[in-house]
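Undergrad: Make a model of this:
(one chain, ligands or ions: 1)
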Amino acid sequence: MDMEISIIGHGYVGLVTACVFADFGNKVHVIGRTPEKISRLRSGDPIIYEPGLEEILDRNLKNGNLEFSTTYDSIKNSEIVFIAVGTPSQADGSADLSQVKVVAKEIALALGESFTVVSCKSTVPVGTNRAVEKILTENAPAHAKFAVASCPEFLREGTGVSDTLSPDRVVIGTESKKAADLLLELHKPIGGQRVVCDLSSAEMIKYASNSMLATKISFANLIAEMSEVAGANAPLVLKAVGLDNRVGAKFLDAGIGYGGACFPKDVKALAFIGKDLGVDSSLLDQVEKINHNARERFAERIVKHAKGKVLAIWGLSFKPNTDDIREAPSIEIMKYLLKNGFSLRVYDPQAMGHIRRIFGDQLSYFDNKDDALAGSDNLVVLTEWSEFAAADLEEVKKVLKNPVIFDGRNVFDPEQMGKLGFEYYSVGRKDVK
Ligand SMILES: NC(=O)c1ccc[n+]([C@@H]2O[C@H](COP(=O)([O-])OP(=O)(O)OC[C@H]3O[C@@H](n4cnc5c(N)ncnc54)[C@H](O)[C@@H]3O)[C@@H](O)[C@H]2O)c1
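TA: As a prediction, the model looks like this:
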């Protein structure tokens, strides 16, 4: 059965969700607050970069399944309304729920006479959907019939479309059977196990999931730091650890740590929730601290071992296949390098515009990795885009004034680097000199 739904917010979560559900034949209305962005979306520009998204957007604009608006008119006919606005960190680490609350009130005022499920896709602390329910109850017209549900999103930037099509699980938290049934119906064409549960558990599942993944990364980076001192090979150690099927191989990579709009804020928010509940959540404080240390240690190693003051920087986004630079390790590392007198010649396949807005003329920007390299003393790799792993290293050696590479993502093989005559610094592995 095709449904009519509305989604508030057209960021990574809102737009990808909207496009995928429209592609299944549902009528999807996306509500934003900036007219200029709404016109860009209407003309087929997704604004964000996510592989495959532009094509689905284009297809569903043409077939009329997808509409964009700054008004809440579509709410009255929507069976399901998803809230997909931001929930950034506040100074104390807690989640800022102001966008969710503003939107909940707008939805309440626009509700029609038919039953509507109002569901947070945004990552929100336990109790938020109850607060949304209260806002709806206080502001909805008397004739409105609604139920709230928590439907947390698990997509990863860079693979957002395929993750939405085949997630590991679909979590639906609600106390309303009717709401659960409608959400199950909407998700019918989508793969993954179903977890239907109460509101609080659904809210907690999302924070617990992201914090678990961040903990694995920080654990890997702790082992990497120890391995560097002990002379062990961290990637090999972690590979062997991951072969234990109780642990699993994923998210056990040594590097310069996690970034993005989710892990940093969600770890901080869960730590805050723990404290608020009177539970010792210092494990999560350490996860955050180790993550920060990983960047700092790498930046210090560059300052210590660089041969020359002009560095090519390959990779700026917080991970490959996205233009997102929120909390990207590159930002902190480049600020540190600038403070230490380096000139930086930067290239990223997607994130240049966002980085330029932060750094302005403090950096030199290039359209491709080779131009960034020309005239540089050494090379620094900060994001593992596949084009960097595929680089012609003999050519890199010819172009660099001094053949020194700092590899924050363990993209290259130390043995090969040694054979080619590079001085090579990576994470959790012996330096090649
Ligand atoms: N990005 C991810 O990979 C990801 C994955 C899972 C969950 N989440 C969670 O989903 C939520 C959204 O994340 P995102 O990355 O899509 O954020 P985003 O910043 O890319 O998008 C947020 C959107 O909300 C819109 N918005 C804010 N206030 C609004 C208002 N009053 N009216 C209409 N629109 C409004 C913004 O304009 C923007 O389009 C967050 O809670 C995040 O933690 C994100």
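
Undergrad: Skipping adjacent residues, who's closest to residue 41 in space?
TA: Using CB to CB, 6 or more residues apart in numbering and skipping residues adjacent in sequence, the residue nearest residue 41 is residue 68, 4.6 Å away. Just so you know, the C-beta spots here come from the backbone N, C-alpha and C atoms, and that holds for glycine as well.

Undergrad: Report pLDDT for the one you found.
TA: Note on residue 68: pLDDT of 98.

Undergrad: With residue 297 instead?
TA: Model confidence at residue 297 (pLDDT) stands at 97.

Undergrad: Can you give me the first-to-last residue distance of stretch 355-372?
TA: 15 Å (CA to CA, to the nearest Å).

Undergrad: Any chance you could list what contacts that stretch?
TA: 312-314, 316, 325, 330-331, 334, 338, 343-348, 352, 387-388, 391, 395, 399 (CB atoms under 8 Å, 6 or more residues apart in numbering).

Undergrad: Please point out which parts of it sit buried.
TA: Neighbour-count burial for stretch 355-372 flags 355, 359, 363-366, 369, 372 (criterion: 16 or more other CB atoms under 10 Å).

Undergrad: For it, what is the distance to the chain centroid?
TA: Here stretch 355-372 is found 22 Å from its chain centre; the criterion is CA atoms, centre = their mean, to the nearest Å.

Undergrad: now it: mean pLDDT?
TA: On average, stretch 355-372 scores 98.

Undergrad: coming back round to it: weed out the non-buried ones from the contacts of stretch 355-372.
TA: Applying 16+ other CB under 10 Å to those, the neighbour count classes 312-314, 316, 325, 330-331, 334, 343-348, 352, 388, 391, 399 as buried.

Undergrad: And the lengthiest helix in the chain, how far out from the chain middle?
TA: Identified as the longest helix of the chain according to DSSP state H is helix 199-230. Distance, stretch centre to chain centre, for helix 199-230: 15 Å (CA atoms, centre = their mean).

Undergrad: Same question for stretch 372-387.
TA: 23 Å.

Undergrad: do the same with stretch 167-186
TA: Mean C-alpha position of stretch 167-186 versus that of the full chain (CA atoms, centre = their mean) differs by 24 Å.

Undergrad: cool, and stretch 123-132?
TA: The answer for stretch 123-132 is 21 Å, by CA atoms, centre = their mean.

Undergrad: Go through that stretch and flag the buried ones.
TA: Applying 16+ other CB under 10 Å to stretch 123-132 flags 123-126, 128-129, 131-132 as buried.

Undergrad: Let me have those in CSV, extended by secondary structure, pLDDT and distance to the ligand.
TA: Putting the buried residues of stretch 123-132 into CSV (DSSP: H, G, I helix; E, B strand; the rest coil; pLDDT from 0 to 100; distance: CB to the nearest ligand atom, whole Å) gives the following:
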residue, secondary structure, pLDDT, distance to the ligand
123, coil, 96, 4
124, coil, 96, 7
125, coil, 95, 11
126, coil, 94, 14
128, helix, 96, 10
129, helix, 96, 13
131, helix, 97, 15
132, helix, 98, 13
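
Undergrad: now, the most widely separated pair of these?
TA: Distances among the buried residues of stretch 123-132 were taken as CB to CB; the most separated pair is 123 and 131, at 14.6 Å.

Undergrad: Please flag which of the buried residues of stretch 355-372 sit within strands.
TA: Taking DSSP state E, the ones among these that sit in strands are 364-365.

Undergrad: No further questions, thank you.
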